[in-house]
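Novice: when you get a sec, could you give me coordinates for this:
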Amino acid sequence: MIFSSRPDVSVPDPSSMMDLDGTSFVPSPLARYHQILFPALRLCQALLASLGGANRSAAAQVRHFVTSNEEMVRAILKNRQSWSLSHLQELSLLTGVVSRAFSAEDDDGSATSAADMERSAHASRVRRLMLSLVPICDLSEDAVRQVKAGVPEKSRGQAFTHLLEVVQNVATFALKAVAGASTRGTGAKFFQVVFSPSLSEARERGESEYYQSGVVFPNRPPSLGHLLVLVQNLVNVLLTGHSELTDLRGKLATVEHLSSGELSALLASSLSSSGVYYERLSASDKRSLASGFIRGAVRTKEHEERLAGGALEAAGFLCLRHLEYFLLHSSAEAPISSYQKAHRRIMGKFLSLFYSCCFRCW
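Specialist: All right, here's what the predicted structure looks like:
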């Protein structure tokens, strides 16, 4: 199939970024490939969004599309050399499709027939590749700097939005794996572990081989340290974005009262890299242009805030769920720890109070 014929393009220097992003007069092979791939991925997302993830037929068709083009999926999810805008866009679209189409039942180990075992193997490989993105796209200063260095200045905001979309898609995918496995069992002991119980990666981020460019360890699951780093960075993104959103709303409320010189200064700081010429415009045109730009920036910041909030909610639940399992239920054969003793004491008091209330009502 044509989707499996993705060009193997490396980016040796920043001068080739415009050609990869399709902004040159003659599109590159990768840009022409994206003209076919992006509509197909958007169609998959539209089907899953309109019919819902519970529609087994639609989800099965999309999963078949993903597993039939596993080489393409592996090439996109394992790419660590290029952080161009086009790569971030295809990564965002693909992770969105995978997070919607794949569920925990696809990799539950209960397959009996050969077809089910093959489907489960495909789902397991895709899951490992998706989770390997957690340490890479953790929104740290190094990750954001690396992403912004690979795109032109005027497209850095769009690149950061795509990075947030990838983070939310990966966090939602991991959350579905954990929540889906929990619904098949009774109690907190039945749990799908997707992060290893280690915090050393968070302390040694700069020295960890997980973060070396081009190195991928899909068979090694990310740790809770990686997840905690992601949670911390998501909180910073939310706080910074909320402050910037408040400033933009303040500018939008006062733009009607600004003079021509103040409008020129506002446009100079806002449109410095957009190539828009505003010096000869009238005051009303400048005010209209500034209002339109600020409204667009407000919509972008609101979208980023929703993405970061959704990712933080999923990542926070994953942290709490894994900590509960590792501290309370993962050492059944080992001596009972102080955490387990405290948990059992509190749960015993709660259950005795609950039962007494039930008997009184009865």
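Novice: only C-alpha atoms from now on, for both contacts and neighbour counts.
Specialist: Fine.
Novice: for the helix ranked longest in the chain, packing partners?
Specialist: For the chain, the helix with the greatest residue count under DSSP state H is helix 283-324. The helices and strands touching helix 283-324, judged by 3 or more CA pairs under 8 Å, 6 or more residues apart in numbering; DSSP states H and E, are helix 156-184, helix 224-254, helix 260-270.
Novice: buried set for the longest one?
Specialist: So the one you mean is helix 224-254. By neighbour count on 16 or more other CA atoms under 10 Å, the buried set for helix 224-254 is 224-231, 233-234, 237-238, 241-242, 245, 248, 251-252.
Novice: same question, the last one
Specialist: By neighbour count on 16+ other CA under 10 Å, the buried set for helix 260-270 is 263-264, 266-267.
Novice: any idea of the angle it forms with helix 224-254?
Specialist: 160 degrees (axes from the mean of the first three to the mean of the last three CA atoms, to 10 degrees).
Novice: what helices and strands are in contact with helix 260-270?
Specialist: helix 283-324.
Novice: please tell me how far E302 sits from L245.
Specialist: Shown here: E302 relative to L245, a distance of 7 Å by CA to CA, to the nearest Å.
Novice: next: D8.
Specialist: Distance, D8 to L245, by CA to CA: 39 Å.
Novice: same question, R220
Specialist: Relative to L245, and taking CA to CA, R220 is found at 39 Å.
Novice: next one: Q81
Specialist: Distance, Q81 to L245, by CA to CA: 33 Å.
Novice: now P152: phi and psi?
Specialist: Dihedral pair for P152: phi -60, psi 160, per degrees, to the nearest 10.
Novice: please name the nearest non-neighbouring residue to P29.
Specialist: P7 (6.6 Å; CA to CA, 6 or more residues apart in numbering).
Novice: how about the secondary structure of that neighbour?
Specialist: Here P7 is recorded as coil under DSSP: H, G, I helix; E, B strand; the rest coil.
Novice: what residues does it make contact with?
Specialist: Residues in contact with P7 (CA atoms under 8 Å, 6 or more residues apart in numbering) are 29-30, 33.
Novice: among these, which ones are in strands?
Specialist: Counting by DSSP state E, no part of the contacts of P7 is found in strands.
Novice: tabulate those residues (CSV), appending distance to V62.
Specialist: Below are the contacts of P7 laid out as CSV (distance: CA to CA, whole Å):
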residue, distance to V62
P29, 25
L30, 23
Y33, 20
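Novice: give me the subset of the residues you listed lying in helices.
Specialist: Judged by DSSP H, helices contain the following of the contacts of P7: 29-30, 33.
Novice: sketch out the low-pLDDT regions of this structure for me.
Specialist: Low-confidence regions of the chain, defined here as pLDDT under 70, cover residues 1, 9-26, 53, 103-113, 180-191, 201-219, 269-281, 330-362.
Novice: domains in it, as residue ranges please.
Specialist: Listed domain ranges for the chain are 1-131, 152-330 (source: automatic domain parsing).
Novice: with distance to R145 as new columns, can these be given to me in a markdown table?
Specialist: Converted to a markdown table, those look like this (distance: least, CA to CA, whole Å):
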| stretch | distance to R145 |
| --- | --- |
| domain 1-131 | 11 |
| domain 152-330 | 10 |
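Novice: adding neighbour count and distance to E165, write the contacts of P7 out as TSV.
Specialist: Putting the contacts of P7 into TSV (neighbours: other CA atoms under 10 Å; distance: CA to CA, whole Å) gives the following:
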residue	neighbour count	distance to E165
P29	16	25
L30	18	22
Y33	16	22
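Novice: tell me which of these is nearest to A159?
Specialist: Among those, L30 lies closest to A159 (CA to CA), at 17.7 Å.
Novice: for the closest one, give its distance to F38.
Specialist: 12 Å.
Novice: can you report how many residues lie near K154?
Specialist: 13 (other CA atoms under 10 Å).
Novice: please report how far it lies from K148.
Specialist: Using CA to CA, K154 is found at 10 Å from K148.
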